[in-house]
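Visitor: Following is a predicted model, sequence given first.
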Amino acid sequence: MLVNELAKEDLITAALIGEGYLDTYNNEAELVIPFAREKSFYLYNLLKDKTYKDSIKFEARRGQFKIDISDNFSLVDSWYEKGQKVFKKELAFKYLSFRSVVIAVNIFGERKIEGISVPSTIPSKYIRTLSYCIERKLNLTVVSGKNCIKIPEVPILFLDTYKNLDTFDSTQLLSYLTKAEKNKLVEISIRKSGEYYVEN
């Protein structure tokens with residue numbers, strides 16, 4: 001699979017994890033992705049890649065963008081049964097990647113006291129399965145909530161993203177860290193660099 005095809009699949013999967021939905025009021029095959037205004041900078045950096053040229057329509061006033069899924073319809077269709085979004089374990093093996101989960105967190109995530117909450121339009125009876133599969137993919141604790149998944153270990157998710165993905169993915173996650181979490185990461189970084197200096 002080409003790199004740009006994989007990137008588009010990650011974005012579509014991220015949208016389906018969160019609040020993205022199939023536009024049934026339009027004859028075109030489009031996925032609608034709502035977003036909060038404060039996520040605009042992240043989205044600009046994500047979508048300026050030529051991968052998405054001609055397949056994205058921004059509707060800033062509505063707080064959403066649409067992605068043409070005519071080449072990825074089977075992917076989206078596999079997340080739907082009788083017009084309703086679903087999630088089954090086999091979807092995780094086909095489409096769920098570390099990057100798609102991080103994109104979903106970055107687009108839809110909200111910082112709560114207990115961690116990051118990612119709202120989802122997947123019905124509650126499938127949320128537990130989604131949470132379990134994301135937990136396996138991230139190798140972090142993920143808790144199912146009412147119409148959302150919750151990731152309590154935010155600093156670890158940030159560090160894993162920083163090591164494995166583009167800078168702007170981890171920069172967006174950095175905005176979810178509390179001051180105490182940022183200070184703790186700085187302390188760990190200083191301690192590790194001190195250990196490295198002593199060893200050498």
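Guide: Structure's in. What do you need?
Visitor: would you list every one of the helices in this protein?
Guide: 3-17, 40-47, 73-77, 89-95, 98-108, 124-138, 154-164, 167-174, 179-199 (DSSP state H).
Visitor: didn't Tyr95 look like it was pressed against Asn72?
Guide: No. Applying CB atoms under 8 Å, one finds Tyr95 not in contact with Asn72, separated by 10.0 Å. All C-beta atoms are positioned from the backbone trio N, CA, C, and that covers glycine.
Visitor: Which neighbours do those two have in common?
Guide: Glu9 (CB atoms under 8 Å, 6 or more residues apart in numbering).
Visitor: OK, contacts around the most centrally placed residue in the chain?
Guide: Centroid-nearest residue in the chain, with CA atoms, centre = their mean: Ala104, separated by 1.7 Å. Contacts for Ala104 (CB under 8 Å, 6+ apart) come out as 13-15, 17-18, 118.
Visitor: for the helices of the chain, which one ends up most surrounded?
Guide: Among these, judged by mean count of other CB atoms under 10 Å, the one packed with the most neighbours on average is helix 98-108 (a mean of 24).
Visitor: so how far is that one off the chain centroid?
Guide: 1 Å (CA atoms, centre = their mean, to the nearest Å).
Visitor: next one: stretch 69-82
Guide: On CA atoms, centre = their mean, the centre of stretch 69-82 falls 18 Å from that of its chain.
Visitor: now swap in stretch 6-24 and tell me
Guide: Centre to centre, stretch against its chain (CA atoms, centre = their mean), the figure for stretch 6-24 is 9 Å.
Visitor: send the alpha carbons of it over as PDB?
Guide: What follows is stretch 6-24 as a C-alpha-only set of coordinates in PDB (Å, rounded to 0.1, in the frame of the first residue of the first chain):
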ATOM      1  CA  LEU A   6      -2.200   4.600   4.300                       C
ATOM      2  CA  ALA A   7      -2.200   8.200   5.600                       C
ATOM      3  CA  LYS A   8      -5.700   8.700   4.200                       C
ATOM      4  CA  GLU A   9      -6.900   5.400   5.800                       C
ATOM      5  CA  ASP A  10      -5.500   6.600   9.100                       C
ATOM      6  CA  LEU A  11      -7.500   9.900   8.900                       C
ATOM      7  CA  ILE A  12     -10.700   8.100   7.900                       C
ATOM      8  CA  THR A  13     -10.200   5.500  10.700                       C
ATOM      9  CA  ALA A  14      -9.600   8.300  13.200                       C
ATOM     10  CA  ALA A  15     -12.800  10.000  12.100                       C
ATOM     11  CA  LEU A  16     -14.700   6.800  12.600                       C
ATOM     12  CA  ILE A  17     -13.300   6.200  16.000                       C
ATOM     13  CA  GLY A  18     -14.500   9.700  17.000                       C
ATOM     14  CA  GLU A  19     -17.500  11.700  15.900                       C
ATOM     15  CA  GLY A  20     -17.000  11.400  12.100                       C
ATOM     16  CA  TYR A  21     -20.100  10.100  10.200                       C
ATOM     17  CA  LEU A  22     -21.200   9.100   6.800                       C
ATOM     18  CA  ASP A  23     -23.000  11.900   5.000                       C
ATOM     19  CA  THR A  24     -26.300  10.300   4.000                       C
END
